[in-house]
Every structure is written in C-alpha cells, then in structure tokens.
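In: Give the three-dimensional model of this entry:
(chains A and B)
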Amino acid sequence: MKKILSVFCLSLLSYLGATAAWAQEKYTVSGYVKDRANGEGLIGVSVYVRELGTGVTTNPYGFYSLTLPAGQYALVFSYIGYEKTTKSVSLNADQRLEVEMSTESTQLQEVVISTEKEDENVRSLEMSVNKIDIKTIRQIPALLGEVDVIRSIQLLPGVTTVGEGASGFNVRGGDVSQNLVLLDEAPVYNSSHLFGFFSVFNPDAVKDVKLIKGGIPAQYGGRISSILDVRMKEGNTKKREINGGIGTIFSRLTYEQPFAAGKGSFIVAARRSYIDVLAKPFLNKDLRGSRFNFYDLTAKVNYRLDDKNTFFASGYFGRDVFGADFGFGWGNGTATARWNHVFSNKLFMNLTTYYSNYDYSLESDRNDPDAKDKFEWKSKIISKSIKPDFTYYLTPNNQLSFGGQYIHYDTRPGRAIAISSGERRDISLDPRYGDESALYVGNEQKISERLSLQYGLRYSFYRYLGPGQTYEYEEVQRGERKFPVLPGTTYEKGDVITQYGNWEPRFSINVGVGSSASIKASYNRIAQYMHLLSNTAASSPLDVWTLSTGLIKPEIADQVALGWFQNFRDNTYEASVEVYYKDLQNQIDYVRNSDLLLNRYVEGDLLFGEGRAYGAEFFVRKNKGRLTGWLSYTLARTERLIEGVNNDDWFPARFDKPHNFTAVGIYGLRERLTLSSTFTFASGTPATFPTNRFEFNGWALPYNVYNARNNNRIPPYHRLDLAVTLKSKKKLFKVGESEWVFSVYNAYNRRNPYSVYVRQNEDNSLITEAVRFSVIGSVIPAVTYNFKF
Amino acid sequence: MFLLVSCEDAIDLDTETGPRLLVVDGWITNQPGPQTIGLTWSKGYFDNGPSSPIFDAEVVVSDDAGNTYPFTFVRNKLYYQWTPPTDTTRLGRIGRTYTLRIRHEGEEYLATNRIKPVPAIDSLVYREERFPIQPQEGPQEGYLAEFFARDFPGVGDTYWIKPFKNGKPNGNDPGNISLAFDGAFSPGSPSDGLIFILPLRQSITVNGLFEAGDKVGVELHSITPETYYFLVQVQRESANGGIFAVPPANIPTNIRNANPNGKQALGFFGASAVSKAETTIDPQKAGPRE
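Out: Residues are numbered from 1 along each chain as shown, chains lettered A, B, ... in the order given. Here you go, the predicted structure:
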C-alpha cells in the first residue's frame, strides 16, 4: 500500500516539475473574485479571456489563476445574477487581479444583449451537477414559510424523497445515507430537524449549494450517490450586517461584522424553534417540564493575513430535544479550520481539518437520578479529518488538482444502561474504530475549443481497527437471521481487523456542438465505508452508522452518464437531457423482524445484494427576465437484488418513483412584489400488499403467497405551493430592509399518501382494512417576516 | 403540532388474491381442561366474511414421552378439541416436546413445539395514577397495575405477557402483544436474569387505567424463541404504517408439509406453560401516585 502511494506521489511531482519547464515565457494573472456588497468570495465565476476564447472558473474560495502568453487581454468575469465585469490586463509579469462584482440592480431590468457567452453549463466539464443559489432558494415557496436547502434540492432532476417529513433525499436511485452532505467540508450525519421536516442549514448563513449527482471529481469520495456541498457565508467584510426573521417555526438572527480593516470578518447565525415557548403558559403542571425544541448555531470567522494566506474557522452546532420526564434528543456538531495558501500564482492549496460529531440519546426518568427503573442510551459517531487539496493552474488548458484525506472514525453505537427494580445492567455495545485514507490526482484538460476532458484517479484505503470483537455468523436459512458463532475473535488496540482498498477512476468529456451546445459523458466509481443501518421507510434519528467490517463490505457504485446541454436565446434558457446508469455493489437490506438497535450481533440481521438505477433527466431553466425558474422531468428506476428477498428476484427500492415532474416559477411582478410557485408530481412509492389473510387467535393476519416485496404502488403525489414576497417600502430604522413572505403549502389541499398499508380494524381484529396515511393532509398557510440592516 | 395535520383514513384497495391454504390456529398449555386447535382456509385479504372451517381433517398431538392426544371436530364450535378424561387432567407438561400431525386431502402437515418452564409471578400491585391530559381510552384518573416476575437465568428465555380485566383477556389485539426476551424486549441486549423491566411489568395496564373494583389479571406464558419471533412478526405486520414503517414481510409459520414438495400451510402451533395472578383493585391498598 505505502509503496503504491509513494509511486503515485513521485510521478505526480515529476509531472509538476516537467510542466514547470515549458511554461516559462508565460505569465500568470490570479486573484480572488468577491461580491462588492459584502466581500464574500464568489464560487464558480467564469473568467473568460476574450482574445483566446478560453477561461477558468473560480474555486470554492473565489480564487482563480490564468497562465497566458505575454500580451494584452480583456478578462470577462461573469456570474449569474451579477453584472458582468470586464478588466483589461497587460500581461508582462505575473500579477494579481482582485475583482469585485455587483449584483444585478433589479430583476426588472431589460436583458442586456452581450457578446460573451455565460454558457458555463454548456462549456464546463461538469455534468449531473445542480447549483441553486441561496437567493433562488429563498424565493421558492417553503413549508411553513421556512426556507430550506434540502427541500429545495428535492425540486431538482434526479432528486426525490421517500415522502413528506422523511429526512434526507435520494439521488439517482441511491438511499439517503449515500449522500455526502458537507457543511464547509465537514460531513453532517443527520441533516434534519424535527425528524425530516426541516434541514439543519440556516439559510441566512448559507452562501452556496451545489449538488453533484454524477461525474464526481476525484477530490470527492466516501459516499456513492452524491455530494451536497454546502458552503457557509464568510461574513460581510464591508460593513456590519444583521439579518433575521420571524417565522412560523423558527426565529432567526444573523450577525456579520468585518474586523482588522476588512481583512477579516465573522458571521454568527442562530435559529430556534419556539413552539414550546408559546405553548408553555397553556401547559398544566405535569407537562410544564416538557421540552420540544430544536435549534442551531452557525459561526464562521475568516482572516486574510496577506495575499497568500487566508484562514477560516467555522462551526455548526444543532440539536433537537423532545420529551419531559422521558427525553429524546439528537444533534450534529462540526468544527472546520481551513488555511488557503497561494504557493505561487499557479499553485493554490486549501488545507482543511474538521471534527464532526453526531449523537443522540434516549433517557427515561430524566428528573430522578435515583430511579429504581431507568433506561438510558447514548450513541455517538465522531470523525476527525485532515484534508489537503491542491490546485495547480498549469495553463488555461490544464488545471491539475491533487491531494488527499485522512479520516478517523470513532463510533459508539450504544452506551446504555437498564435499571430494573433497582438492578442495574450495562447493556452497552463496544465502540468501533476505523480510518479511511485517500489520495487523488485529477486534471481538467482543454484539448481544443470543442473538446475538453477531466480525468482523475482516487485511491481509498480503509481499515477497521481494534480493539474490537468480531463474530462469524451461521446461516440457517437463506434470507433469514444468521446466528453468531461464539465466542468470536477479540482484537486489541492497534490490530487491523479488516482492510479494504479501492481504485476509483473518474472521467468526464465535453464535446462542443455549435456555439451553444455540447455533449458530455462521464464515468465514476466511488467506494463507501460508512453505512447507515435503517430499515424504516424514512430514516430515523436513531439509525446507527456502522463501519465496514469483514461482513459489511464497502458499498461501491459505478455510474455512467451521457448528456446533451444547450442554451437558447442568448443563455436566457439553459436546457439539458441526461441519461445515466448506475451499478451498486454490496447494498444492505435486513431480515424480517430485524433488530438494529443495541444489538451486538447486528450483522446477523443484515442481508446483502446489489442494486441498479437508471434514468433520464430533462431540465429547462430560465435564468433571466421577470420570470425565472425551471421545469424538470425525470424518468427513472431503482431496483435491488437481495439474498432471499422477493424470491431472489429484482424488486423496486422503497424510494423508486418512475415519474417525477417539478415546475418552479418566480415572477417579479413589481419592484417590491415577487410571486412564486412550485408544482410537484411524482409516482407513488412502491408498497407490498398481502394477497391473502389467515386467522390466528382471533386476528386476521396478512400473507403474500408470492413472498413478493414492493409488488404494488401507492397513488401518485402532487402538490402546488404558492408564495408572495412583499418588500416594505419604508426603510427599517432608516437604513434596513424588510419583507413579508406569505406562503401556502399544498394549495389545493390534496391528501397525498405517504404510505398505504393494511391493518386490522381497531374494534375488531377479524376485520381487515387498507389505510392511507398522509403526513400533511391539509393546506398549510404561513407568514414570515424577514429583516436586514 | 404535526399530529394535527397528519391523518389516516380507510380506503378501498384492490389486491390480487392468491390460492387458498390450510391455516392452523393451535395452542396447547399445561393448564387442566380441554385443548383446542382450529383449522380454516386462508382467503382474499379484504374478504371479511367468516372463514371456512376445515372439518374433515385428522388431528393428533403426541409428545416425546409416547402419549398421543386425538383431537376431534366439534360441530357447534367449529374447532378440534381434545377432551380430558377428568377436569384436572392436563395435556401439556413442562419440558416435553409436542408434535401436531394433521392429515387432510392427501397432505400431511407437521408442527412441533416445546413447553418451557415459566417463572412464578411474585406480585401484582397497583397504584393511583393521573394522566396530565384526558387519554383517548379509559379514565384520566385511576389505577395503574404492575406485576413482578423474574426471568430465569440463561440467555434466550422468551415470554408472552397476557393482560386480563374482569376475567377476560384485555387488549387482545395484535398491536398490544407484550413479549419479553429474557427480562427486556429484544435479544440483542443482555437482560438475562432481571426482574422484567418496567414497561413489561406495566404492559398489563392496556386500553386505559383501571377503576376501583376492577379485577386485574395477568397470565405469563413461557414460549420458545421460534414462537417469540412469530409473535413479533404478527405484531409488526398488524400496524406497519407511518413514517417509520418497515418493509412488510410474511409472518413465519412452524407448520410444514411432511412432503417438502407438498402444499404449504399457514398459522402456528403454539405451546406454553402458564403462571397466573389476579387481584381486585381496592383503593385502600393502592400505592400512592408517583
């Protein structure tokens, strides 16, 4: 292993050395692109060299670098929603060029016909990538008026959800645990508040959201379906800014301030639900101690030491707390420290270290420490990582990226005690440890005006580490629980219990067709060493993340995608059609009556198999004018083949929804009045219904003679949401702005089924009935007030 | 607050009906008196008419001590019954293994089960209770009953706790099945030899609090792990909806055809030893509210 890595590094270095030699008569222009209003670095700004017809885009820190032959150039900086900025450069030495861009003054402005193309989506190598800027997210009608990142990305092609209130999201047929959700590069293990109704990201602190569904570049790994890269705001470097809002669920407050003469800034954002505060006076004495709230705190500070060094520290802490005497809570905490260093004009480094923690607890008799009967259970997963990433801007036609990552996992599936009649029993499970290392190198190469490539390779290496106890399992019957062979094997600290290595090639190609269209294709392989054991329709906060072991093999996905990208009417419309096929290995399923919590022999309750997902995504987006928004249609299948399930035949996964249509429209009616609407239609999710009933002990019980899984489908889901945003005429405290947002969720009051299931009638166990369960069965109006000064 | 918006309603559903199968509804105990076994046909899931009984089968239970107990069809009860020679004669004995043999329409179905020892119920107590809000069932103020018993040492003892009220089974719907694996709920976590944990002890208070004068009772049945898993699945498949539903799976059976290629059967042949306790709620003797 070590040998492979050192060869890998050596060849990388020699490549860098060789290329440096033939790049000598050229000069480099580099710098940061920022928002004029608040000094935030802008991600993905297109920097276009008019004379050469070539260009680059800014990285996640707003940095760009272009190495060009000496000469006079006009650099055009363009970014959706911002006014185009052109800078003249006489390049006869390396130089820095810092650029600030302004937002388009008003949406009602006439479309300016421009000569340069803002067709980043056509020209870039990225495919299967969706970005929604936070401004758009804010304008989409939201459930209970609470602007939500994850609910918004569910409106994109290829993204679905199990149902209303389900936590997380499904991308191209993957389950919720196969998405790498990054908040400033630290993984967030549970992205939900209140089970799944709201996500943990405070919209006031979010700068950029990017979802990568395919063609995943080599710097990402660890989850096989998608990367949701959420970047936090850095904080206004120009002036103090306060944002806030009062909504139906949350109250929000964000404070931003520059320091050290604009060299640094910080942002602190907090949200708290306040239903409990409002309810308190109405609760009688017994319930007064009850807790029912969720909150999060996001903070970030950055300091720019000089042109070459910028430091960032950011943190997130959020919790959900429920219960009175019986308590239940969960939460994520992440802390990230980053150092951006510009080695030379061409070599950019970002070094990230993070700490991420997810924990939950269940506790009875919270108020009585001496309770004779008590149950207490805490579970935790801690990951710590260091991650250097380098970008080497070789030439405008070659952008090399390389780096690595090391992650240490400390998982504590359950520290639990049970006290029964004064007898105490420790029923804890042993912690499990592991680590994951990766090295990658990738290059983005422009071969000609029409042809560009991105290719890369990632090697990931995982170890399941001692101390620990492992068991072999004996199969009694295929598809049923396997029983441990005792006493098992004990490993000491320092032992490597199991290890896996995976080569993960990544490849994308872009072939230009005409002036405003391109064909793109990509392939990626990704391995996942961390698995969420969840057998429920929607994943629950109690689900346990489990490391790969000898029996739980790494999940591996191979995906190919092919797409056509075209822009119309001077980039007013962007359109794409993509098809993909994904092959999934080592997928996890569960025996019937599986017992996944506090079970030291949980591996015996797991079943393994493979998956396949394929589909076509159609997407049209209008970026300019009074009316903006998009239409998206996805035709897709996702299926599993699991040992002993469905007679060893393929069956649709729980979140398989063949048809998915969404329409999002945002219309600037007047200067201060914006209307928006979303419509969603999705096929019903699969369901398993019995074919027969049999009677036992006075109960009518279901039975499916074909032993099938997901052989039926529930009725389709559709919903219309509306919102009106009204900006106040009057300035808040003479300087600020404020707005009212009125929204209606589920406008035509459809009782969309979350599930349809069968049961006995509650008054007579011999009467059977089918039940439709709807999470939201009515129109939900809401009002939110937002302010900023 | 989301409870206010979420809702459930009964709907019509068209489902395919599979071929009918023989269903066994049998359970023997170590209690004196007659023992019964029902045989019916399975039918379409939403067919809520009475089940067709099978009356022309040959039904015999035998034990590993060489005894056989023939069951005969009782026309007015629609089940098969073994009638003891005297009122105090028992069919089931602790420690013995029982085999059920059914011959019907050329098929021979077999099932075995074992009667395991059952711990004594140490006490049955009750205390005053008042819920902070009016519950859906029963009074807001009343009595909460609790029984005490201790799991046998040794991992893998399984029990079925059956509540009684005024001499009748109480909360006998599948959603209320109360099962113990050693002293707690499930096999994964070690609870061997414990006094049953609080939620199990109080599981005899179902469908609301008791009132003064009510007779509260409990039967503790020792069951085999196979029976435990059968009942766990019965419970799961009886109320398997909502956000955290698990994928439906078939309820297992312990009935097998002597000919592996013969017709399949459904249902279960259970066997248990029983401990009982019963008391009448007397406000004078009730424990104080906690």
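In: which parts of the helix ranked longest in chain B are buried?
Out: Criterion DSSP state H: the longest helix present in chain B is helix B:225-238. Applying a neighbour-count criterion of 16 or more other C-beta atoms under 10 Å in any protein chain shown, one finds B:226-238 buried in helix B:225-238. Every C-beta, even on glycine, is put in place using the N, C-alpha and C of the backbone.
In: and the residues you listed as TSV, adding distance to A:Lys238 and pLDDT?
Out: Listed next are the buried residues of helix B:225-238 as TSV, based on distance: C-beta to C-beta, whole Å; pLDDT from 0 to 100:
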residue	distance to A:Lys238	pLDDT
B:Glu226	72	95
B:Thr227	72	97
B:Tyr228	67	96
B:Tyr229	66	94
B:Phe230	69	96
B:Leu231	67	96
B:Val232	62	93
B:Gln233	64	94
B:Val234	66	95
B:Gln235	62	92
B:Arg236	59	90
B:Glu237	62	91
B:Ser238	62	87
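In: what is B:Tyr109 paired to in the beta sheet?
Out: For B:Tyr109, the beta-bridge partners are B:Ile102, B:Asn257 (DSSP bridges).
In: about what we covered before: within reach of chain A, which of the buried residues of helix B:225-238 are there?
Out: B:229, B:232-234, B:236-238 (C-beta under 8 Å from any C-beta of the partner chain).
In: Domain ranges for the chain, per the record?
Out: Here I'm looking at chain A. According to automatic domain parsing, chain A comprises the domains A:2-116, A:129-788.
In: other chain: chain B
Out: Domains of chain B are assigned by automatic domain parsing as B:19-116+B:252-272, B:123-225+B:275-285.
In: Can you tell me which of those has the worst average pLDDT?
Out: Mean pLDDT values for the domains of chain B show the minimum at domain B:123-225+B:275-285, a mean of 92.
In: any bit of that one sitting next to chain A?
Out: Yes - counting by C-beta under 8 Å from any C-beta, chain A has neighbours in domain B:123-225+B:275-285: B:132-133, B:148, B:172-174, B:183-184, B:186-191, B:194-198.
In: Can I get the buried part of these as one PyMOL selection?
Out: A single PyMOL command selects the buried members of these (16+ other C-beta under 10 Å):
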select buried, chain B and resi 172+173+174+183+184+186+187+188+189+190+191+194+195+196+197+198
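In: and the residue nearest to A:Asn752 when sequence neighbours are not counted, how many neighbours does it have?
Out: In space, and not counting its chain neighbours, A:Asn752 is closest to A:Tyr717: 4.7 Å by C-beta to C-beta, 6 or more residues apart in numbering or on different chains. Burial of A:Tyr717 is recorded as 21 neighbouring residues (other C-beta atoms under 10 Å in any protein chain shown).
In: right, and A:Tyr717 touches A:Gly684 too?
Out: Yes - the pair A:Tyr717 / A:Gly684 is scored as a contact, 6.6 Å apart, by C-beta atoms under 8 Å.
In: what residues do those two have in common as contacts?
Out: Common contacts of A:Tyr717 and A:Gly684 (C-beta atoms under 8 Å, 6 or more residues apart in numbering or on different chains): A:Pro753.
In: hmm, back to that, for the domains of chain A, which has the smallest mean pLDDT value?
Out: Across the domains of chain A, the lowest-scoring stretch is domain A:2-116, with a mean of 74.
In: Stretch B:199-208: how far from the chain's middle?
Out: Mean-position distance between stretch B:199-208 and its chain equals 15 Å (C-alpha atoms, centre = their mean, to the nearest Å).
In: And it, what's buried?
Out: Buried-residue list, stretch B:199-208, by 16+ other C-beta under 10 Å: B:200-206, B:208.
In: so A:Thr86 sits in a helix?
Out: No - the assignment for A:Thr86 (DSSP: H, G, I helix; E, B strand; the rest coil) gives strand, which keeps it out of a helix.
In: For the residue nearest the centre of chain A, list each beta-bridge partner.
Out: Central residue of chain A (C-alpha atoms, centre = their mean): A:Leu228, 2.8 Å from the mean position. Beta-bridge partners for A:Leu228, by DSSP bridges, are A:Val181, A:Leu211.
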